[in-house]
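Student: mind folding the following:
(4 chains)
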2 protein chains.
Amino acid sequence: MLSERQKLILSTIVDDYIRSAEPVGSRTISKRSDVGFSPATIRNEMSDLEELGFLEQPHTSAGRIPSHKGYRYYVDHLVKLGSLSVKELDVLKLFFAERLQEMEHMIQHVATVLSSLTNYTSIVLGPELLNTTLKHLQIVPLNDTSAVAIIVTNTGHVENKIIAIPEGMPVGELERIVNLMNARLSGVPLIHFKSRLHSEVSSELGKYVSKYEELTRMIESTLQSDEEDRIFVSGSTNMLTQPEFKDVDKVKGILDLFDEAHTLVKLFSAAPRGIQVRIGTENSVEAINNCSLITASYSIDGQLLGTVGILGPTRMEYGKVISLLDHLSKDMALMMARWYK
Amino acid sequence: MLSERQKLILSTIVDDYIRSAEPVGSRTISKRSDVGFSPATIRNEMSDLEELGFLEQPHTSAGRIPSHKGYRYYVDHLVKLGSLSVKELDVLKLFFAERLQEMEHMIQHVATVLSSLTNYTSIVLGPELLNTTLKHLQIVPLNDTSAVAIIVTNTGHVENKIIAIPEGMPVGELERIVNLMNARLSGVPLIHFKSRLHSEVSSELGKYVSKYEELTRMIESTLQSDEEDRIFVSGSTNMLTQPEFKDVDKVKGILDLFDEAHTLVKLFSAAPRGIQVRIGTENSVEAINNCSLITASYSIDGQLLGTVGILGPTRMEYGKVISLLDHLSKDMALMMARWYK
DNA sequence: TTTAGCACTCCTTTCGATTGAGTGCTAACG
DNA sequence: CGTTAGCACTCAATCGAAAGGAGTGCTAAA
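Tutor: Numbering: from 1, shown residues only, chains lettered A, B, ... in the order given. Next up is the predicted model:
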């Protein structure tokens, strides 16, 4: 357990380091108006804090910087949640007044706003398609062998994929099956689509049962294709403005990560409800072991939809970012609710 | 007009500099087996070439590097088009054997292959939607006020947009109009869609003429939304591996460019038929004034469809890249032809 | 015309020397 | 006994001089 004075000093060091990116010395702390101790006293405390593992020294005659453990303690006990500035609130208000039509555009826009407000990189995981319900299924033949399967959800999302028409199935029959599916499956949550497809429709298919298996498998694959389309990144080059990443080799790995939608989806799918701060090596992905990732989930009626996140250096403005994400994730949930109902 | 010997020397300098990224000295050139002159002779020629503006000296006691004019001459007269290696041909053959279904995936894949074969950044501009013909038009109502307009082209491309249902238009009437449009406009090239829409359909609309205007305007807007979706980038972080960009400030502007699909589309739309090499400041976009951009257009029956491009440092492997782009753009044209016919 | 020789330039590397921010320890102070 | 002033010590960063070396330009000889 840290004493009040230790907390004050740790907190001051973290704040100062976040601002300056330079190791913080005892004199710097001592000069601050809210700390009424001499440099020598501070030094003793700093020495203790280092022994406890909260601080590190790049080298003997440098100031101290927070260790991962130090950041962790700061985030858990000391961080002062900044309230959003008038300017930031204005931006958000304006943004949510805009009522973008397509959900993709809305989410991309959220990412852009986040990265420009924070100067970090923002990553947003959109809701899974499976949470929506089927509005309309359509199959448009392109030629004798292939067709486009189109699925429209109640949120207005359109998913499509080119499929092969089962050999020997006439167009008329294809239409009949699709009509049947529409009649029976409209309004069904896509997560139940697969099972309902079999229970509701398969009995009425007559002689095309085997062909039909082939067809449904392809329609199902249309639903699975979207995993990587759920991820939206903005401000990736903001990483380059951070002094800790002025060395090209250090950013390369991070920037490469942003192109791997696959890895990002995995990283974000693992995020829990509410707000989570993962510092340095707490991240499972090695490329961002010198970064912190703050995520906030958004949900409707307790059902987890997706995650909003900010990636920056471990020396990140935790207070500001946490309150911003908290605010925004709630706004997003509200906005999503309009779509889903 | 340069003498044969000057050409040989210029060519050798450019080749060597492309390989090493270091200023090239007279001794280095002299040692090469195909140049039978002493360093002193080479020096005299280099001095002449510098006076003519083909070479530059970073400082008095350094070797020479090619100027923009030097690269230009090299590209126009000296470059040896490398034939593709067996390995590269294998990659391409394998790739085009794969027959990806969706055009988007195919194009994205082309970009990936290009960047991994060259270690530069590849940018591909896909064909305009307007070159395709209408296969099917569909409007799916979501609720009382909005619907999704879906356009399927003969290439299997699906474009969709959420539109507002004109006030006071019953669903049945909406369906009737869409059916009419489908009957009359199927097979029409999208570039003529707008004009045909009016001439073919407007007479038969009865009392909904004014509402109908509103509706068609929105359907038309679905076609225009795709401009930025035509651009595909791969290997953007390859820029970071080039020694001339080891300084973060120098790459920031370039990487930022890749996020501005808008600017890229403009840059690529301006590309002429065939292969073009734009060196340094020949590029209109300032961010890439230290880069060279090589583009190759692809077309069917003389109609320009799109452009494949490689962006790298001015010190780029011109010979290799040019022949690769040439080869690939022709393969792409063939592949596209299958879609369009 | 070509080339060997040589003085000269100037970047780069190296290596102390210096500087200065910051520490740890000790002893004095309230 | 906690706090602080004083002081010696450490070590990265900065600076400058010296050395090294790659490369040039010029001149004169082959």
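Student: thought A:Ala296 was touching A:Ala333, still the case?
Tutor: No. Using Cβ atoms under 8 Å, A:Ala333 makes no contact with A:Ala296, being 10.1 Å away. Every residue, glycine included, has its C-beta placed from N, CA and C.
Student: who has more neighbours, the two?
Tutor: A:Ala296 (23 against 16; other Cβ atoms under 10 Å in any protein chain shown).
Student: gap between that one and A:Thr132?
Tutor: 22 Å (Cβ to Cβ, to the nearest Å).
Student: just name the shakiest helix or strand of chain A by mean pLDDT.
Tutor: The helix or strand of chain A with the lowest confidence, counting by mean pLDDT, DSSP states H and E, is helix A:209-224 at a mean of 78.
Student: could I get the buried residue list for that one?
Tutor: A:Lys211, A:Tyr212, A:Leu215, A:Thr216, A:Met218, A:Ile219, A:Thr222, A:Leu223 (16 or more other Cβ atoms under 10 Å in any protein chain shown).
Student: what does the average pLDDT come to for the helix or strand just after it?
Tutor: Next along the chain after helix A:209-224, taking DSSP states H and E as the criterion, comes strand A:231-234. Per-residue pLDDT values over strand A:231-234 give a mean of 97.
Student: helices or strands up against strand A:231-234?
Tutor: Packing partners of strand A:231-234 (3 or more Cβ pairs under 8 Å, 6 or more residues apart in numbering or on different chains; DSSP states H and E): helix A:103-118, strand A:121-125, helix A:261-269.
Student: after that strand, next one along is what?
Tutor: Using DSSP H and E, the helix or strand that follows strand A:231-234 in sequence is helix A:248-259.
Student: just want the angle from that following helix to helix A:261-269.
Tutor: Here helix A:248-259 runs at an angle of 80 degrees relative to helix A:261-269 (axes from the mean of the first three to the mean of the last three Cα atoms, to 10 degrees).
Student: so the residue of the stretch 51-200 of chain A found nearest DNA strand D, which of the three states?
Tutor: As assessed by Cβ to the nearest atom of the strand, DNA strand D sits closest to A:Ser61 within the stretch 51-200 of chain A, at 2.6 Å. In three-state terms, and counting by DSSP: H, G, I helix; E, B strand; the rest coil, A:Ser61 is coil.
Student: just give me the neighbour total for it.
Tutor: 7.
Student: again with A:Ile254
Tutor: A:Ile254 sits with 21 neighbouring residues when counted by other Cβ under 10 Å.
Student: do the same with A:Gly82
Tutor: Other residues close to A:Gly82 by other Cβ under 10 Å number 15.
Student: for it, give me its contacts.
Tutor: A:Glu317, A:Gly319, A:Lys320, A:Ser323 (Cβ atoms under 8 Å, 6 or more residues apart in numbering or on different chains).
Student: switch to 10 Å and redo it
Tutor: A:Glu88, A:Glu317, A:Tyr318, A:Gly319, A:Lys320, A:Val321, A:Ile322, A:Ser323, A:Leu324 (Cβ atoms under 10 Å, 6 or more residues apart in numbering or on different chains).
Student: which of the residues you listed sit farthest apart?
Tutor: A:Glu88 and A:Tyr318 (16.0 Å; Cβ to Cβ).
Student: so those two - more neighbours on which side?
Tutor: A:Tyr318 (26 against 18).
Student: how much space separates the spatially closest residue to the more buried one that is not a sequence neighbour from A:Lys320?
Tutor: Sequence neighbours aside, A:Val79 is the residue nearest to A:Tyr318 in space, at 5.0 Å (criterion: Cβ to Cβ, 6 or more residues apart in numbering or on different chains). Counting by Cβ to Cβ, the gap from A:Val79 to A:Lys320 is 10 Å.
Student: quick one: which of the contacts of A:Gly82 sit in helices?
Tutor: A:Glu88, A:Tyr318, A:Gly319, A:Lys320, A:Val321, A:Ile322, A:Ser323, A:Leu324 (DSSP state H).
Student: test my guess that the second one contacts A:Tyr74.
Tutor: I take that to be A:Tyr318. Yes. If you go by Cβ atoms under 10 Å, A:Tyr318 and A:Tyr74 touch, sitting 7.0 Å apart.
Student: any common contacting residues for those two?
Tutor: With Cβ under 10 Å, 6+ apart as the test, A:Tyr318 and A:Tyr74 both reach A:Val14, A:Asp15, A:Ile18, A:Val277, A:Ile279.
Student: the second one falls within a helix, correct?
Tutor: Yep, that's A:Asp15 we're talking about. Yes. Using three-state DSSP, the secondary structure at A:Asp15 is a helix.
Student: give me the number of residues near it?
Tutor: Neighbours around A:Asp15, by other Cβ under 10 Å: 20.
Student: ok, now the first one?
Tutor: The number of residues packed near A:Val14 is 24, by other Cβ under 10 Å.
Student: please name the nearest non-neighbouring residue to A:Gln276.
Tutor: Distance criterion Cβ to Cβ, 6+ apart; nearest residue to A:Gln276, sequence neighbours excluded, is A:Thr295 at 5.1 Å.
Student: turn the buried residues of helix A:209-224 into a markdown table, columns for distance to DNA strand C.
Tutor: Formatted as a markdown table, the buried residues of helix A:209-224 follow (distance: Cβ to the nearest atom of the strand, whole Å):
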| residue | distance to DNA strand C |
| --- | --- |
| A:Lys211 | 71 |
| A:Tyr212 | 71 |
| A:Leu215 | 66 |
| A:Thr216 | 66 |
| A:Met218 | 60 |
| A:Ile219 | 63 |
| A:Thr222 | 57 |
| A:Leu223 | 57 |
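Student: now those in TSV, with distance to A:Leu180?
Tutor: Putting the buried residues of helix A:209-224 into TSV (distance: Cβ to Cβ, whole Å) gives the following:
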residue	distance to A:Leu180
A:Lys211	14
A:Tyr212	10
A:Leu215	12
A:Thr216	12
A:Met218	16
A:Ile219	13
A:Thr222	18
A:Leu223	19
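Student: which of those residues lies closest to DNA strand D?
Tutor: A:Leu223 (54.0 Å).
Student: that closest one contacts A:Lys161, correct?
Tutor: Yes. Between A:Leu223 and A:Lys161 there is a contact under Cβ under 10 Å: 9.0 Å.
Student: re the thing from before, can you tell me which of the contacts of A:Gly82 is nearest B:Ala270?
Tutor: A:Glu88 (38.8 Å).
Student: and the pLDDT for the closest one?
Tutor: 91.
Student: one more: A:Gly206?
Tutor: Taking A:Gly206 on its own, its pLDDT is 65.
Student: what about stretch A:63-70, near DNA strand C?
Tutor: Yes. Stretch A:63-70 reaches DNA strand C (Cβ under 7 Å from any atom of the strand) through A:Gly63, A:Arg64.
Student: tally up the residues packed near A:Ser284, please.
Tutor: Look at A:Ser284: counted by other Cβ under 10 Å, it has 12 neighbours.
Student: is it true that it touches A:Ser269?
Tutor: No. At 11.7 Å, A:Ser284 does not count as touching A:Ser269 under the criterion of Cβ under 10 Å.
Student: so what sits against both of A:Leu223 and A:Lys161?
Tutor: Taking Cβ under 10 Å, 6+ apart as the criterion, A:Leu223 and A:Lys161 both touch A:Ala149, A:Ile151.
Student: how about the residues of the stretch 1-150 of chain A by DNA strand C?
Tutor: A:23-28, A:39-40, A:43, A:46-47, A:50, A:57, A:60-64.
Student: let's see that with 6 Å instead.
Tutor: Proximity of the stretch 1-150 of chain A to DNA strand C (Cβ under 6 Å from any atom of the strand) is limited to residues A:Gly25, A:Ser26, A:Arg27, A:Thr28, A:Ala40, A:Arg43, A:Met46, A:Ser47, A:Ser61, A:Ala62, A:Gly63, A:Arg64.
Student: what sits against the closest residue to the first one other than its chain neighbours?
Tutor: Okay, so that is A:Gly25. The shortest distance from A:Gly25 to any non-neighbouring residue, by Cβ to Cβ, 6+ apart, is to A:Gly63 (3.8 Å). A:Gly63 makes contacts with A:13, A:16-17, A:22-29, A:46, A:55, A:57, as judged by Cβ under 10 Å, 6+ apart.
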